[in-house]
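Visitor: let's see this in three dimensions:
(one chain, ligands or ions: 1)
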Amino acid sequence: MCGIVGYIGPREAKPILIKGLKRLEYRGYDSAGIAILNDSLRVYKTKGKVADLERHIADKDLHGTIGMAHTRWATHGEPNDVNAHPHFSQNEELALIHNGIIENYAVLRESLMQNGYQFNSSTDTEVLIQLIHFIKKSANLSLFEAVRAALNQVIGAYAIVVMEKDNPNTLVAARNGSPLVVGIGKDEFFLASDASPIVEYTKDVVYLDDEEIAILERGQKLKVKTIKNIEKNPVVQKLELDISQLEKSGFEHFMLKEIFEQPVTIRDCMRGRINNNKTTISMAGIIDHLDKFLNARRIIITAAGTSWHAGLVGEYLLEELARIPVEVEYSSEFRYRNPIIYPDDIVIAISQSGETADTYAAIEMAKKRGAFIYGICNVVGSTIARFVDAGSYTHAGPEIGVASTKAFTAQVTVLTLMALALAQKKGTLTEERISQILHEMHTIPDKVAKILKKAEEIKEFSKIFTYARNFLYLGRGYNFPVALEGALKLKEISYIHAEGYPAAEMKHGPIALIDQEMPVVVIATNKGTYEKVISNIQEVKARKGRIISIITEGDTTVKDLSDFYVEIPETEEMLVPLLATIPLQLMAYYIAVLRGCNVDQPRNLAKSVTVE
Ligand code: G6P
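Guide: Residues are numbered from 1 along each chain as shown. Take a look at the predicted model:
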């Protein structure tokens, strides 16, 4: 969703804010804006990307050492110049940037209008700044007190930064449900939706918690109070982020860089979790709560998007290896359907960003009902990572391309390790079998690297499908979630409609769509159901569909039936998702690039969905 940056200190604010916005642009990119205060409070904003804002302000005088900036992902009101943030209050005395949704904005707006307030935009954000203004004026309060009083009237999610025309020494920021990080430098403060705009200036950060307000004042220490006015002691944490992780490092897009990082990220994810002899798995989150896991009646996995697909792979893994019943839920459904949750259930939340609003709400609800909550997150210090009872980080490093790639394979790696660790503790697999699988896991990064060498080959046949309007992806068993993920990647970034299906279900519907125009991607590496998948391929061919297959090295049968194929190295069936996903990511990437799409920032999508 929206990206927020703020700065107060001795330096010129504008370059810091613009650079910060660029780092956060993956969060939202339909409009952008900036506010800087010197002798007056200047606000400039425009529809479009950060580059459009840069052009818009190129000839403007924006000197000043206090300011804030925003990239928007529209919720209330279409993306245009007026609805872009920052928003002014009446008389342009205050300005606000906001990430989130004010749910009771209509009621608040109505009562403000009765008090003579007028509105320029159709946003909920403008309502909030007018409310702060109204409270400030009518009760003659300080900026902090007015923000605090207003937030007590607000229902919804927010991360906000507020500036005041007559107060060049203070920024006030607050959060509830949407992330906000304060960076602490020497005589200066930074604010951002995540740490990426901050890391090049300071590694000392404070993650604000829900209902906390930060007061950033020149020459003062950071003050944090709750909206109930309770003083908090801010806990300063050290960032472990490296600035080079935020650059494209010579790749044309972040997505391509992230696809190519996977041999390293999968290895990083396993590092320290498998012993040298490859006989045991140690995951602190499991060891510390072993009783819970050994006595779990059931595991419920809750997630959204690509993380939900990783959850489906997790279901196959945990049931097959550790013999624990698993259900996989869309967070957005789970949170609202009054589910039965037993105290001996374990709920696993999977989230790359650790900020997805539905997933957070789902685990909040499950926690209230007594479940033990485990998190699998990528972003260190994220809201979900801090909320869970225990968890494992995926260690994939910052993922900036909006379409998730390396985070998916890291999530699947963590789930595989968890399933094996539990299988070992429960004795559902022999020690010999565990060691065999761990040895094989160790070879996965090299096998991924081998598949990446086929990028040119994949690019070549991708050209042929640039004009396709539909795609079908088929897989069985562990390859069914891979088919779903392959289809999601393609539709997210190329805007070609794509559906993933369990191969055998094709005859119950999608087969009606097949003709010579329809490319069908079949992941045909299964051992148990190999013959059956071949029958599905024959069914497609009989209707003149075009087959693109993912096959095991040396398989000539499916190869001969395919129009195009990608060979992947042989591996254990349960580890195939870590390999079979790679060519599908590359194919989606090349088709999207050849269609001229913006792969890193696909239309309408956001990397971190902090609203429902
Ligand atoms: C958005 C992103 C997807 C992601 C999903 C869940 O839709 O565009 O790439 O899979 O959110 O995000 P999470 O951060 O919870 O994994």
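Visitor: pretty sure residue 597 contacts residue 494?
Guide: Yes - under the criterion of CB atoms under 8 Å, residue 597 makes contact with residue 494 at 5.7 Å. Every residue, glycine included, has its C-beta placed from N, CA and C.
Visitor: show me what the host helix or strand of residue 67 is packed up against.
Guide: Under the criterion of DSSP states H and E, residue 67 resides in strand 66-72. Strand 66-72 is packed against strand 3-8, helix 13-24, strand 31-37, strand 94-102, strand 156-164, strand 167-176, with contacts defined by 3 or more CB pairs under 8 Å, 6 or more residues apart in numbering; DSSP states H and E.
Visitor: what helices or strands is the shortest one leaning on?
Guide: What it means is strand 3-8. helix 13-24, strand 66-72, strand 94-102, strand 156-164, strand 167-176, strand 189-192, strand 212-217.
Visitor: ok, back up a step: more neighbours: which of residue 597 and residue 494?
Guide: Shown here are residue 597 and residue 494; by other CB atoms under 10 Å, residue 494 has more neighbours (28 against 18).
Visitor: residue contacts, the closest residue to that one other than its chain neighbours?
Guide: Nearest non-adjacent residue to residue 494, counting by CB to CB, 6 or more residues apart in numbering: residue 592, 3.9 Å away. Shown in contact with residue 592 (CB atoms under 8 Å, 6 or more residues apart in numbering): 490, 493, 494, 599, 602.
Visitor: now do 7 Å
Guide: 493, 494, 599 (CB atoms under 7 Å, 6 or more residues apart in numbering).
Visitor: and the second one, what pLDDT?
Guide: Looking at residue 494, its pLDDT stands at 97.
Visitor: I'd say it and residue 594 touch.
Guide: No - with contact defined as CB atoms under 7 Å, residue 494 does not reach residue 594; the gap is 8.6 Å.
Visitor: about what we covered before: adding secondary structure and distance to the ligand, write the contacts of residue 592 out as JSON lines.
Guide: Putting these into JSON lines (DSSP: H, G, I helix; E, B strand; the rest coil; distance: CB to the nearest ligand atom, whole Å) gives the following:
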{"residue": "493", "secondary structure": "helix", "distance to the ligand": "10"}
{"residue": "494", "secondary structure": "helix", "distance to the ligand": "15"}
{"residue": "599", "secondary structure": "coil", "distance to the ligand": "12"}
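Visitor: picking up where we left off before, rebuild the helices and strands packed on strand 3-8 as a markdown table, extending it with mean pLDDT and distance to the ligand.
Guide: Below are the helices and strands packed on strand 3-8 laid out as a markdown table (pLDDT from 0 to 100; distance: least, CB to the nearest ligand atom, whole Å):
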| stretch | mean pLDDT | distance to the ligand |
| --- | --- | --- |
| helix 13-24 | 96 | 15 |
| strand 66-72 | 96 | 15 |
| strand 94-102 | 94 | 15 |
| strand 156-164 | 95 | 15 |
| strand 167-176 | 97 | 17 |
| strand 189-192 | 98 | 17 |
| strand 212-217 | 98 | 22 |
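Visitor: who wins for proximity to residue 358 among the ones you listed?
Guide: When these are compared for distance to residue 358 using CB to CB, the nearest one is strand 156-164, at 11.6 Å.
Visitor: got a list of what residue 376 touches?
Guide: By CB under 7 Å, 6+ apart, the contact set of residue 376 is 348, 350, 391, 392, 394, 411, 414.
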